[in-house]
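# Provide a 3D model corresponding to the input given below.
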Amino acid sequence: MKEIRAYIQPYMLNHVTHALMEIPDFPGMSVSDCQGFGRERAETGNEYHPFYGKKRIEIFAPDVMADLIFDTIMRTAHTGHHGDGKVYIVNALHGGRISTGEKGPELA
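The predicted structure follows:
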């Protein structure tokens with residue numbers, strides 16, 4: 001099982017969501033607001049603050065789907081501008097379903 005974690009521009013969320021939902025058996029995702037910075041820094045007037053707002057997407061999927069999901073996000077979130085975001089694939093070792101008590105690596 002893999003976790004695909006993406007940080008994208010907020011205005012790209014709808015576009016990315018529609019593309020992901022076209023993937024057969026797409027497992028679903030969680031989305032949250034977050035702030036951070038990379039190589040770019042933000043300036044507003046006389047103030048300097050390094051944080052930009054992003055949307056964080058978290059998806060847990062079978063290993064065989066991870067590359068397709070990764071590539072879909074990379075393609076659909078791309079605008080060609082600095083700050084488009086980042087996408088990561090992380091191993092998920094163990095997970096559990098609270099409602100049923102099931103647990104194991106296949107539920108990660």
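
# who touches stretch 89-105?
If you take Cβ atoms under 8 Å, 6 or more residues apart in numbering as the criterion, stretch 89-105 is touched by Met1, Lys2, Glu3, Ile4, Arg5, Phe60, Ala66, Asp67, Phe70, Leu107, Ala108. C-beta: built from backbone N, CA, C; applies to glycine.

# Now with 10 Å, please.
Identification of contacts with stretch 89-105 by Cβ atoms under 10 Å, 6 or more residues apart in numbering yields 1-6, 58-61, 63, 66-67, 69-70, 106-108.

# Same question for stretch 70-85: list its buried residues.
Using 16 or more other Cβ atoms under 10 Å as the burial criterion, the residues of stretch 70-85 that qualify are Phe70, Thr72, Ile73, Ala77, Gly85.

# can you check stretch 1-13 too?
By 16+ other Cβ under 10 Å, the buried positions in stretch 1-13 come out as Met1, Lys2, Glu3, Ile4, Arg5, Ala6, Tyr7, Ile8, Gln9, Met12, Leu13.

# Span of it from start to end?
End-to-end distance of stretch 1-13 (Cα to Cα, to the nearest Å): 24 Å.

# And the lowest mean pLDDT element among the helices and strands of this structure?
strand 42-44 (a mean of 59; mean pLDDT, DSSP states H and E).

# The chain: helices as residue ranges?
For the chain, the helices defined by DSSP state H occupy 13-21, 63-76.

# Check which helices and strands the longest one is in contact with.
In this structure, helix 63-76 packs against strand 2-8, helix 13-21, strand 52-61, strand 85-91, with contacts taken as 3 or more Cβ pairs under 10 Å, 6 or more residues apart in numbering; DSSP states H and E.

# Distance to Gln35 and mean pLDDT for these - can I get that in TSV?
Compiled in TSV, these are given as follows (distance: least, Cβ to Cβ, whole Å; pLDDT from 0 to 100):
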stretch	distance to Gln35	mean pLDDT
strand 2-8	10	97
helix 13-21	15	98
strand 52-61	6	95
strand 85-91	13	97
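
# Appreciated, that's everything.
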